[in-house]
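In: I need the structure of the sequence given here:
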Amino acid sequence: MSHQPREDSETLCEALAALALKAGAEIMTIYRTDFEAEQKQDASPVTAADRIGEAVILEGLKEIAPDIPVLAEEAASEGKIPALGDVFFLVDPLDGTKEFINRTGEFTVNIALVRDGRPALGVVYAPACGKLYGGLVGAGAWRADIGEDGSEIRRTKIAVAKRPDGGLIAVASRSHRSPETDEYLITLDVADFAAAGSSLKFCLIAEGAAHIYPRFGRTMEWDTGAGQAVLEAAGGAVATHPDGEPLGYNKRERGFDNPYFIASCG
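Out: Got it, this is the predicted structure:
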């Protein structure tokens, strides 16, 4: 039997946005300190901000939709993976931990709702950049500018740019660029290139600032769910490479990692 959110999707999206802001405030408190990074079993970095951010989000989700299971990065790294079913939340409390450690500001809080193997809605918050993105697939996407006190200053609807005949703007990972990605980019008519950390790459395409983001390296479902929701809500697409199928979720048999994919303006 499928779990269903108690609220309509727009209300749920707003609740997740508020929760991302709350987690982002806690993360920024740690960002301003002389924090230390540790290594997880897979050798990826983790900080107190990852753990505190996830605790805030998990507590909030219990109140918002207590019957919906949650697949969250830090819990999953400790082997805490619930039975997910057809509807579940995906949480990456601090996407771009390397960017956080290097203090580039390009890290995000990601919360998504997956329904029937596809992202249905999601929010991406970049607290150091003061940008909050939200998307409800089928209903549209938006970007909000956030003040230093965490309040929303303005909100704007966003949509992907029309794909040009030539002169693409490509975006790729700042910390996880692979030789395969570089080889693929050579095959495109790229006029400009932007490097960015975390799920902000999806959001750059969603708001029309870039056209394509190839990712030929390992990512996990919690890395991509929220960004994919925002991008698809804005009219874009995320397809696996090379077979071109929509990037799907609840891939337990793969350990919840993703195949190579290409995110684009469509």
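In: from here on, just use CA atoms for contacts and neighbour counts.
Out: OK.
In: let me see the contact set for Asp95.
Out: Asp95 makes contacts with 107-110, 198-199, 223, as judged by CA atoms under 8 Å, 6 or more residues apart in numbering.
In: run the chain-centre distance for the longest helix anywhere in the chain.
Out: Taking DSSP state H as the criterion, the chain has its longest helix at helix 9-31. Offset of helix 9-31 from its chain centre (CA atoms, centre = their mean, to the nearest Å): 13 Å.
In: measure Cys203 to Ser178 for me?
Out: Cys203 sits 21 Å away from Ser178, taking CA to CA, to the nearest Å as the criterion.
In: please read the previous query as pertaining to Pro259.
Out: According to CA to CA, Pro259 stands 14 Å off from Ser178.
In: those two: which is more packed in?
Out: Pro259 (19 against 14; other CA atoms under 10 Å).
In: I figured that one was touching Thr240, is that so?
Out: Yes. Counting by CA atoms under 8 Å, Thr240 is a contact partner of Pro259 at 6.4 Å.
In: picking that back up, output the contacting helices and strands for the longest helix of the chain.
Out: Contacts defined by 3 or more CA pairs under 8 Å, 6 or more residues apart in numbering; DSSP states H and E place helix 9-31 against helix 48-64, strand 108-115, strand 118-126, strand 131-136.
In: now the ones you listed in TSV, with distance to Ala75, mean pLDDT and mean neighbour count?
Out: Listed next are these as TSV, based on distance: least, CA to CA, whole Å; pLDDT from 0 to 100; neighbours: other CA atoms under 10 Å:
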stretch	distance to Ala75	mean pLDDT	mean neighbour count
helix 48-64	8	95	18
strand 108-115	14	97	28
strand 118-126	20	97	29
strand 131-136	24	98	26
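In: could I get the ones you listed as JSON lines with distance to Ala76?
Out: Below are these laid out as JSON lines (distance: least, CA to CA, whole Å):
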{"stretch": "helix 48-64", "distance to Ala76": "11"}
{"stretch": "strand 108-115", "distance to Ala76": "15"}
{"stretch": "strand 118-126", "distance to Ala76": "19"}
{"stretch": "strand 131-136", "distance to Ala76": "24"}
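In: nearest to Glu183, of the ones you listed?
Out: Ranking those by proximity to Glu183 (CA to CA) places strand 108-115 first, at 27.5 Å.
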